[in-house]
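Asks: next come a sequence and a model predicted from it.
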Amino acid sequence: MGPIPTPPRQPDDAPDSYVGLDSESAERIARERGWTTVRALPPGSIITMEFVVGRLNFEVEAGRVIRCWHG
């Protein structure tokens with residue numbers, strides 16, 4: 001059996017630091033900090049729950065980030 005691959009590291013970033021920012025600024029900052037995928041979702045969206053390394057999720061209401069999480 002081959003070795004188990006090591007997933008790439010995610011940016012060392014606190015999701016709470018994005019809450020309250022406007023969504024455009026939050027996305028720009030996230031990409032500058034190294035997030036490869038940034039996903040903005042309206043509140044109550046139905047989404048799949050698979051974990052994707054390097055993805056940052058924003059819940060956005062009225063143009064502002066109200067929640068943020070990795071994966």
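Replies: Structure's in. What do you need?

Asks: may I ask which helix or strand encompasses the residue nearest the centre of the chain?
Replies: Nearest to the mean C-alpha position of the chain, counting by CA atoms, centre = their mean, stands Leu56 at 0.9 Å. Using DSSP states H and E, Leu56 sits in strand 55-61.

Asks: what mean pLDDT does that strand have?
Replies: In this model, strand 55-61 carries a mean pLDDT of 97.

Asks: would you mind measuring from the nearest residue to the residue nearest to the centre of the chain once chain neighbours are set aside to Ile4?
Replies: Counting by CB to CB, 6 or more residues apart in numbering, Leu56 lies nearest to Trp35, which is 4.5 Å off, once chain neighbours are set aside. C-betas here are computed from N, CA, C, even on glycine. Note on Trp35: its distance to Ile4, by CB to CB, to the nearest Å, is 24 Å.

Asks: the protein: strands as residue ranges?
Replies: Under the criterion DSSP state E, the chain contains strands at 37-41, 55-61, 64-70.

Asks: quick one: pLDDT of Thr37?
Replies: pLDDT at Thr37 comes out at 94.

Asks: which residues are in contact with it?
Replies: Counting by CB atoms under 8 Å, 6 or more residues apart in numbering, Thr37 makes contact with Val52, Gly54, Arg55, Leu56.

Asks: where does the protein dip in pLDDT?
Replies: For the chain, no stretch is flagged by pLDDT under 70.

Asks: run the last query once more with 90
Replies: Along the chain, the model assigns pLDDT under 90 to residues 1-10, 12-13, 48-49, 51, 53, 71.

Asks: on that earlier part again, and which of the contacts of Thr37 is nearest Glu27?
Replies: Leu56 (8.7 Å; CB to CB).

Asks: re the thing from before, now for the strand holding Leu56, which elements pack on it?
Replies: helix 23-32, strand 37-41, strand 64-70 (3 or more CB pairs under 8 Å, 6 or more residues apart in numbering; DSSP states H and E).
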